[in-house]
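Undergrad: below are the sequence and a predicted model for it; my questions follow.
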Amino acid sequence: MSSKRATLADVARLAGLSPTSASMILNGRPDTRLSQDAHDRVNAAAQALGYRPNVAARGLRTDKTLTIGFISDLVATTRFASGLIKGALEAAEAAGHVVLVLETGGDPAREAEAIGAVLDRQVDGIIFATMRARELFVPELPAATSVVMLNATNPRYSTSVLPDELAGGEQAVRLLVDNGHTSGIVLLGQNDEVERDTFRSATVARRVAGIRKGMADAGLQFVAEESIWLWEPDEGYRTTKELLERRSDVKALLCMNDRIAFGAYQALSEAGLSVPGDVSIVSFDNDELAAYLRPGLTTIGLPHEAMGRRAVELLLAGTDEGEVLIPMPVVHRASVGRP
């Protein structure tokens, strides 16, 4: 068999139609006024010849390349937010698009290079994504460039897809309340008084606001609030160990993320306390390690795949939707019980 790539003319010749008619059928034109037999012949000819449309030529005709630029800081090279790319790829494939993924490591010079690379390839739009939700600087782009911020915000480009952290914070509190916890609840990872002059991100602020709203709605107060700047297991372990040395009334830990909770599990075990028999734990993010803990960690998940899909849908729709919040799912495991 010849290695020459099949052309539209080859398909038309085999189907016994003009190239114009074959093109209308292959491009899905709804108003071809051609018979079902003609459609069947063209599709059969395209399959027999292994025909693939010339995307570059189509782009010249339609001003669309069916390509989306996806520029991120550390999304592709870490496991924490890879669901953002997975969801975007799924939605793009369903819409007949491909995704050009570029990683910058957060380096401004590499970001400029990445933007230049996708613009040179005349992508139909750009998604800017960040591993951890934050405001992202984006240089000025050509006016016709469609932009969606994913897990990020930017004052110039208002369409952004974010997790609904406010509702997520409320759900975390509700998990404890629904299981009968009304006292002995500790907030692990955040203390507003200690962190008064510091700022993590707008989404973390919403998570905290949701937690406080949930507690206020239930008429409850934390017995302690422990500040942790680095939300990592060793800090969760150290802070929980010191907390247990000071207090004997701890019945539940509401952890700001799963990595803090991982450290708390270790400290509780060393103290001879069981989860959830002695202390219940609820957390955020649904990190991979949450499923590996024993018992499994109940957590409010980050809906990364749903966010990635929605970002592509918004980009292709081309409308300014403002801030789009994606619900955070409750992942029930076994770390929450009755006191």
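TA: Alright, I've got the coordinates.
Undergrad: how much space between the residue most central in space within the chain and Ser82?
TA: Centroid-nearest residue in the chain: His304, 2.5 Å away (criterion: Cα atoms, centre = their mean). Note on His304: its distance to Ser82, by Cβ to Cβ, to the nearest Å, is 8 Å. (C-beta placed from N, C-alpha, C; glycine too.)
Undergrad: can you give me the strands in the stretch 151-300 of the chain?
TA: 160-163, 185-189, 224-227, 252-255, 280-285, 298-301 (DSSP state E, counting those that start in this stretch).
Undergrad: relative to strand 280-285, how tilted is the next helix or strand after the last one?
TA: Per DSSP states H and E, strand 298-301 leads on to helix 304-317 as the next helix or strand towards the C-terminus. Helix 304-317 and strand 280-285 meet at an angle of 30 degrees, taking axes from the mean of the first three to the mean of the last three Cα atoms, to 10 degrees as the criterion.
Undergrad: how about JSON lines for the strands of the stretch 151-300 of the chain, with mean pLDDT added?
TA: Listed next are the strands of the stretch 151-300 of the chain as JSON lines, based on pLDDT from 0 to 100:
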{"stretch": "strand 160-163", "mean pLDDT": "97"}
{"stretch": "strand 185-189", "mean pLDDT": "98"}
{"stretch": "strand 224-227", "mean pLDDT": "97"}
{"stretch": "strand 252-255", "mean pLDDT": "98"}
{"stretch": "strand 280-285", "mean pLDDT": "97"}
{"stretch": "strand 298-301", "mean pLDDT": "98"}
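Undergrad: could you dump these to TSV with mean neighbour count?
TA: Output for these, formatted as TSV (neighbours: other Cβ atoms under 10 Å):
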stretch	mean neighbour count
strand 160-163	25
strand 185-189	26
strand 224-227	18
strand 252-255	29
strand 280-285	28
strand 298-301	26
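Undergrad: export those strands as TSV, with columns for distance to Leu17.
TA: Formatted as TSV, the strands of the stretch 151-300 of the chain follow (distance: least, Cβ to Cβ, whole Å):
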stretch	distance to Leu17
strand 160-163	44
strand 185-189	66
strand 224-227	72
strand 252-255	65
strand 280-285	56
strand 298-301	52
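Undergrad: right, and the residue nearest to the centre of the chain touches Arg79 too?
TA: No. Using Cβ atoms under 8 Å, His304 is not in contact with Arg79; the gap is 10.9 Å.
Undergrad: domain map for the chain?
TA: Listed by automatic domain parsing, the domain ranges of the chain are 8-53, 63-157, 165-302.
Undergrad: between the strands of the stretch 151-300 of the chain, which gets nearest to Glu103?
TA: Smallest distance to Glu103 across the strands of the stretch 151-300 of the chain (Cβ to Cβ): 19.0 Å, for strand 160-163.
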